[in-house]
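Asks: For reference, the sequence and a predicted model appear below.
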Amino acid sequence: MSKRAKYEMKPFTVLVEGNIGSGKTTFLNYFKKYENVCVMAEPIDMWRNCGGHNLLEYMYEDRERWGFTFQSYVQLTMLKQHTLKTRLPIKLMERSIYSARYCFVEKMHRDGILPSPSASVINEWFKWTIANVDTSVDLIIYLRTTPDVVYQRMQERNRKEEKTVSLTYLTEMHEMHENWLYHKTMFTCPAPVLVLNADLDKSVIAEEYERVEPHIFSNCLSVLAS
Ligand SMILES: Nc1ncnc2c1ncn2[C@@H]1O[C@H](COP(=O)(O)OP(=O)(O)OP(=O)(O)O)[C@@H](O)[C@H]1O
């Protein structure tokens, strides 16, 4: 099979994961300059407009009422992103069906926001999906931060939906990401994980990004050539 044909089938897929405010979008934007990289759209834009409804806003206003609706839609949007075809050899995604399930749905369930029957429905969809649809991933970039730093950034960006997000919540979400991607004590990682120090300021973070480039580009070549 020619390499071109392979590209059309499945790009080298990289997930960019990390706490709220860890700089996922900035990371993705940095890679837009490469013609061979397909940078996927920010999922938050889809959550803000589901048939004219801002589900993200609803979810933060009343988590018990809208948690299930929101997570159902997140799962669909992430599935669309996983399966979106590209002719480019590399695909970069912000978040995934995995972080949605392993970090956010899990947290909502543990906090009692998603009752067990609702969490089970999401989980059954999730299990069926990853078993029957190609959501495979080649590399995960974990933008590792400390909760204080992301709390500060979140306050500075001042998103209207996130006004009620506390440092405690960010600390707990940090732990979810840590246990999944760093300590690897929770669930399984769908691909090898590369950890970046994403506490660094925007002015110097490009050096961290450059450190990652060879991992993306050379791993891509070896995977596609195999
Ligand atoms: N299943 C979920 N997946 C992702 N975000 C979720 C989920 N459930 C709730 N959220 C909320 O959606 C918002 C977007 O968070 P996310 O980390 O995806 O993007 P971000 O903060 O814009 O990323 P960054 O600042 O790193 O570019 C946050 O307020 C987060 O708490």
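Replies: It's in.

Asks: going forward, measure contacts and count neighbours with C-alpha atoms only.
Replies: Fine.

Asks: Leaving out chain neighbours, which residue sits closest to the residue sitting nearest the centre point of the chain?
Replies: Centre of the chain computed as the mean C-alpha position; nearest residue by Cα atoms, centre = their mean is residue 95, 1.1 Å away. Nearest residue to residue 95, sequence neighbours excluded (Cα to Cα, 6 or more residues apart in numbering): residue 17, at 5.3 Å.

Asks: And for residue 49?
Replies: Using Cα to Cα, 6+ apart and skipping residues adjacent in sequence, the residue nearest residue 49 is residue 55, 7.1 Å away.

Asks: got the phi/psi numbers for that neighbour?
Replies: In terms of degrees, to the nearest 10, the main-chain angles of residue 55 are phi -70, psi -30.

Asks: right, and the helix or strand after the worst-scoring helix or strand of the chain on mean pLDDT?
Replies: Ranking every helix and strand in the chain by mean pLDDT, DSSP states H and E puts helix 3-9 at the bottom, with a mean of 51. Following helix 3-9 in sequence order, the next helix or strand is strand 12-18 (DSSP states H and E).

Asks: mind listing the strands for the chain?
Replies: Taking DSSP state E to define them, one finds strands in the chain at 12-18, 37-39, 90-94, 139-144, 193-197.

Asks: nearest to the ligand, of those strands?
Replies: Using Cα to the nearest ligand atom as the criterion, the shortest distance between the ligand and those is 6.3 Å, found for strand 12-18.

Asks: All set, thanks.
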